[in-house]
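Undergrad: Give the three-dimensional model of this entry:
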Amino acid sequence: MDEIELKWRIKKTKKANKKFPLYYISVKPQLAISLSLLNKQPFLDPQNMIIFFISKNDIVSGNLIKLRWRIKKMVKAGKEYLLCYISVPARSALFLLDKEPFLDLQRMIIFFRPKQNDPQQSSTQNQQPQSQ
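TA: This next block holds a predicted model:
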């Protein structure tokens with residue numbers, strides 16, 4: 001498997017009686033740990049619509065947006081689980097929300113594809129009534 005589909009997570013927070021959406025891309029903890037992604041800084045390249053990872057000590061320049069990891073511990077049935085998310089600023093997320101994120105394991109980047117419709121739904125939409 002060369003690429004893994006990731007999921008958007010949208011959470012709403014309330015500040016000063018206003019609701020604000022927070023946008024995250026969920027990465028499975030086992031995957032983030034095995035690929036050492038948590039030790040790297042994610043950056044969004046808005047021109048190419050990719051997120052790439054570099055060592056936290058490397059210096060980056062250009063039109064890139066520095067992203068943050070959000071790591072949360074959750075206890076369920078007495079066991080502790082990690083949840084790993086990449087936080088995407090609202091301004092940047094707006095043009096990416098209509099796309100699905102995928103992790104390319106060979107190039108170590110997250111890229112975005114247009115969302116696919118449900119195959120059953122699209123097949124019924126493509127069927128046209130036959131005229132007699």
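
Undergrad: Not including adjacent chain positions, what is the nearest residue to the residue sitting nearest the centre point of the chain?
TA: What sits nearest the mean C-alpha location of the chain, by Cα atoms, centre = their mean, is Ile25, with 2.8 Å. Nearest non-adjacent residue to Ile25, counting by Cβ to Cβ, 6 or more residues apart in numbering: Ile86, 4.6 Å away. Yep, even glycine has a C-beta here, placed from its N, CA and C like the rest.

Undergrad: Next: Leu97.
TA: With sequence-adjacent residues excluded and distances taken as Cβ to Cβ, 6+ apart, Leu97 is closest to Trp8, at 6.8 Å.

Undergrad: tell me the SS of the one you found?
TA: What DSSP: H, G, I helix; E, B strand; the rest coil gives for Trp8 is strand.

Undergrad: check contacts around it.
TA: Trp8 makes contact with Tyr23, Tyr24, Ile25, Ser26, Leu97, Glu100, Pro101, according to Cβ atoms under 8 Å, 6 or more residues apart in numbering.

Undergrad: So it versus Phe102, what's the distance?
TA: Taking Cβ to Cβ, to the nearest Å as the measure, Trp8 falls 12 Å from Phe102.

Undergrad: can you pull the buried residues of stretch 87-107?
TA: By 16 or more other Cβ atoms under 10 Å, the buried positions in stretch 87-107 come out as Val88, Ala93, Leu96, Glu100, Pro101, Phe102, Leu103.

Undergrad: pretty sure the fifth one belongs to a strand, no?
TA: Yes: counting by three-state DSSP, Pro101 is found in a strand.

Undergrad: any idea where the helices of this structure begin and end?
TA: Remark: helices assigned in the chain by DSSP state H are 29-34, 90-93, 119-126.

Undergrad: For the buried residues of stretch 87-107, point out the one with the lowest pLDDT.
TA: Among the buried residues of stretch 87-107, Ala93 has the lowest pLDDT, at 91.

Undergrad: Perfect, that will be all.
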